[in-house]
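J.: got a sequence here, can you model it:
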Amino acid sequence: MKDIWFGYWFKNWFFAYKIGFSIVVSGVRSYFKNHQYKGKENIPSDAGIIYAVNHQNAFLDPVVIAGQTRNPIYFLTRADIFKKPLAAKILSQLYMLPIYRQRDGVNTIKMNEKTFNQCYDILSEKGSLIIFPEGNHHYKKSLRAFKKGAARIALGAAEKYNYNIPLYIVPLGIDYENHFSMNGDLLLNAGDPIKVSDYTNSYQKDPAETINKLSSVIYKELETLIINIKDLENYDSIYYLLHKIPLKENYNSIADKFELRKTRLRKIESINENNSNKYSELIKKSNLVKDYCKEQNIKPYLFEKNKYTVFSLLFVSILVVLMLPIHLIGLLTNYIPYKIPVWFINKKVKDKHFHGSLKYALGVVLFYIYWLIITITVAALKGWMIGLITAVLLPFIAVFNLEFWITIIKLKGRWKFYFIKKTKELNEIKKEYEDIKQLLN
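T.: Prediction:
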């Protein structure tokens, strides 16, 4: 996912899509700490592709996928946002297709049939289409019940073109380490492509049953590609055990870390199935550690063997103080375009599902604008050569500033832990933490 490609500017794409694509490919390298696309090499390049994707993060889900392809991807979007002519034109140039619901006040069967026919034609021309079979989005890492659209469109396209087009469904899991803020990991996890022609004979004999069967196959495949927490009553506690309690094993990639978390989830589910008392104890201990760490503003990894002495903490603190002037420059050149989207979205956008998407999009745009203003200002005051050097340095300063800020946060947590590490309450919580590790390993 780290390859840089500028050839899209010379492609016969809509200009609006080129602009959107540039925002996406720029943002994915800055918004996410690390990112990986596992299984991309197995996706057929000379066939129609339907990506069947879990839906956790509103607009961010389709764009992070679209940003990894060398051709536009179409995706289905709720029809009510197409009502105004200008919006409909822009959305169509972003390769969005409307899907109508009962609440839209139209003949949904007739209108959706028109959209479905567009999908059939796109797939016959070896295009790509994103479908979210859950039908709605939710930030929780849990796979919800499926609609049948992916299977219905795939088999409908095959039927329209006399079962003579190469067509695959690719189950694609998206896993965000942090749904709402930057600097988390992103994993796109593609499963084995499902060959639609394997189901066409059955479809000709019994369409309804075949659509149900194919939908079930997609569900089972997608379930293996994501973190699927089924105990929603204890969701927050299980999420904490998976993402906040450090993994014992080492890992070399985001995909490795994802698999280790899935292994831990299977362990938790096994405890739940075989020993309900032990499971209740695990959940209780998770909540105790989570609440204490939140109250003290520390991270649970600090409960691991602490290699930081007071002298090492002092040494790092002195280095931080010495590098503060560079950090202040970084704040001057990065804080405003970072903080405005965070402040505005957290304050004005009530639906948390849109927070990540909007921070991603607005942040990239504002950074471009803000850095352009800085570059022009410096060029006007010091000359265009200095302005050009400033433009080149700005992204590097941003990376330094982010890492420096993370260092400050970690240093603050380590100092806090150092001053409370001998308290009775912390020792009691540390015992709960050790019990958790014992239960999970």
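J.: what are the ranges of the helices in the stretch 301-441 of the chain?
T.: Using DSSP state H, counting those that start in this stretch, the helices of the stretch 301-441 of the chain run over 310-322, 324-348, 355-382, 384-420, 424-440.
J.: could you check the angle helix 324-348 makes with the third one?
T.: Between the direction of helix 355-382 and that of helix 324-348, the angle (axes from the mean of the first three to the mean of the last three Cα atoms, to 10 degrees) works out to 140 degrees.
J.: so what does helix 355-382 touch, helix or strand wise?
T.: The helices and strands touching helix 355-382, judged by 3 or more Cβ pairs under 8 Å, 6 or more residues apart in numbering; DSSP states H and E, are helix 15-31, helix 60-66, helix 324-348, helix 384-420. All C-beta spots, glycine's among them, are computed from the backbone N, C-alpha and C.
J.: quick one: closest of these to residue 40.
T.: Closest approach to residue 40 among these (Cβ to Cβ): helix 60-66, 10.3 Å.
J.: contacts only, for the closest residue to residue 25 other than its chain neighbours.
T.: With sequence-adjacent residues excluded and distances taken as Cβ to Cβ, 6 or more residues apart in numbering, residue 25 is closest to residue 67, at 5.0 Å. Counting by Cβ atoms under 8 Å, 6 or more residues apart in numbering, residue 67 makes contact with 21, 24-25, 28.
J.: could you work out the most separated pair of those?
T.: Greatest spatial distance among the contacts of residue 67 (Cβ to Cβ): 21 and 28, at 10.9 Å.
J.: can you show me the strands along the stretch 151-300 of the chain?
T.: Per DSSP state E, counting those that start in this stretch, the stretch 151-300 of the chain carries strands over the ranges 167-176, 185-190, 194-195.
J.: among the contacts of residue 67, which ones are buried?
T.: Among those, the ones that count as buried by 16 or more other Cβ atoms under 10 Å are 21, 24-25, 28.
J.: save those as CSV, and put in distance to residue 73 and pLDDT too.
T.: As requested, these are exported to CSV (distance: Cβ to Cβ, whole Å; pLDDT from 0 to 100):
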residue, distance to residue 73, pLDDT
21, 10, 83
24, 11, 79
25, 14, 80
28, 15, 78
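J.: any chance of these in TSV with distance to residue 221 as columns?
T.: Formatted as TSV, these follow (distance: Cβ to Cβ, whole Å):
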residue	distance to residue 221
21	28
24	26
25	28
28	25
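J.: out of the strands of the stretch 151-300 of the chain, which comes closest to residue 398?
T.: When the strands of the stretch 151-300 of the chain are compared by Cβ to Cβ, strand 185-190 sits nearest residue 398, at 18.6 Å.
J.: which one of the buried ones among the contacts of residue 67 is nearest residue 190?
T.: Using Cβ to Cβ, residue 28 comes nearest to residue 190 of the buried ones among the contacts of residue 67, at 16.2 Å.
J.: now for the closest one: which residues touch it?
T.: Residue 28 neighbours (Cβ under 8 Å, 6+ apart): 1, 35, 64, 67, 186.
J.: need the nearest residue in space to residue 143, chain neighbours excluded.
T.: Distance criterion Cβ to Cβ, 6+ apart; nearest residue to residue 143, sequence neighbours excluded, is residue 228 at 4.8 Å.
J.: surely that neighbour meets residue 142?
T.: Yes - Residue 228 is in contact with residue 142 according to Cβ atoms under 8 Å; the separation is 6.0 Å.
J.: follow-up on the earlier one: most neighbours, which of the contacts of residue 28?
T.: Highest neighbour count within the contacts of residue 28, by other Cβ atoms under 10 Å: residue 64, with 25 neighbours.
J.: distance between the ends of stretch 98-108?
T.: 11 Å (Cα to Cα, to the nearest Å).
J.: quick one: average pLDDT of that stretch?
T.: Stretch 98-108 shows a mean pLDDT of 71.
J.: what's the answer for stretch 40-56, then?
T.: 94.
J.: stretch 231-245 too?
T.: Averaging pLDDT residue by residue across stretch 231-245 gives 95.
J.: over to stretch 290-303?
T.: The average pLDDT within stretch 290-303 is 92.
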